[in-house]
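*Asks:* with the sequence up front, the predicted model follows.
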Amino acid sequence: MDDKNNELETEKVLDDAKAPVTDEETAAESTDGDEESQLEKDFLKLKDDYIRLYAEMDNMKKRAHAETEKTIKFAVSSFAKELLVVADNLERAIAAMSDNQESCTELLKGVELTQNELTKVFEKFGIKRFNHIGQKFDPNFERVVQEIDDKKAESGTILSELQAGYTIHDRILREAMVIVAR
């Protein structure tokens, strides 16, 4: 008898499946489809918003990191500028002692060693001296303090340097004071 009951139940399920679908059932199914469609649209919009915000946060993080590196790299600029005066005075002392080498030999050696140490410290912190003598004047690197007539040199050529110019990590720390040909 159990087999007969199972057969009857199976026939009933098959008959229900073959029965015509009513308007109410169709409306309920389309509402479910619309809800699913709307949910999917909302999901895609939220996903897009999330991806955009994530990218924006990543970019902000990168910009902040770059700004921090830049700040650290150039934090010593004002201190370095003050040390340039010391370097200038050492050069002047060496030039003055070169004229009287016999009486100042030991002092000259000491000043030259001090200058060498200062140069090493400058290099360690990315401070470099530049020398453009013989090249065309560049207003980004030099300041003209005097122009002289020189028939051998082309107009605008740097003939000599009155004060050295320096860069710190490829940024101008101090422009050179130069004399150029007219």
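*Replies:* Okay, I see it. Remember, predicted model here, so these are calculated numbers, not experimental data.
*Asks:* do you know how far the residue nearest to the spatial centre of the chain is from A80?
*Replies:* The centre of the chain sits closest to A66, judged by C-alpha atoms, centre = their mean, with a distance of 5.0 Å. Going from A66 to A80 by C-beta to C-beta, to the nearest Å gives 22 Å. The way it works is simple: take the backbone N, C-alpha and C, and place the C-beta from them, glycine included.
*Asks:* Q115 sits in which helix or strand?
*Replies:* Taking DSSP states H and E as the definition, Q115 sits inside helix 101-124.
*Asks:* give me the contact list for that helix.
*Replies:* Here helix 101-124 makes contact (C-beta atoms under 8 Å, 6 or more residues apart in numbering) with 80, 83, 86-87, 90-91, 93-94, 97-98, 128-129, 166.
*Asks:* any idea how far V121 is from the residue nearest to the centre of the chain?
*Replies:* Shown here: A66 relative to V121, a distance of 26 Å by C-beta to C-beta.
*Asks:* please flag which of the contacts of helix 101-124 sit within helices.
*Replies:* If you go by DSSP state H, the contacts of helix 101-124 have A80, L83, V86, A87, L90, E91, A93, I94, M97, S98 in helices.
*Asks:* filter those down to the buried ones.
*Replies:* When the ones in helices among the contacts of helix 101-124 are checked for burial by 16 or more other C-beta atoms under 10 Å, the buried set is A80, L83, A87, L90, A93, I94, M97.
*Asks:* could you dump those into a markdown table and include distance to E142 and pLDDT?
*Replies:* A markdown table is the format used below for those (distance: C-beta to C-beta, whole Å; pLDDT from 0 to 100):
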| residue | distance to E142 | pLDDT |
| --- | --- | --- |
| A80 | 19 | 81 |
| L83 | 20 | 82 |
| A87 | 17 | 85 |
| L90 | 22 | 83 |
| A93 | 24 | 80 |
| I94 | 23 | 80 |
| M97 | 28 | 77 |
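*Asks:* E154: which of those is nearest?
*Replies:* Set against E154, the nearest of these by C-beta to C-beta is A87 (30.3 Å).
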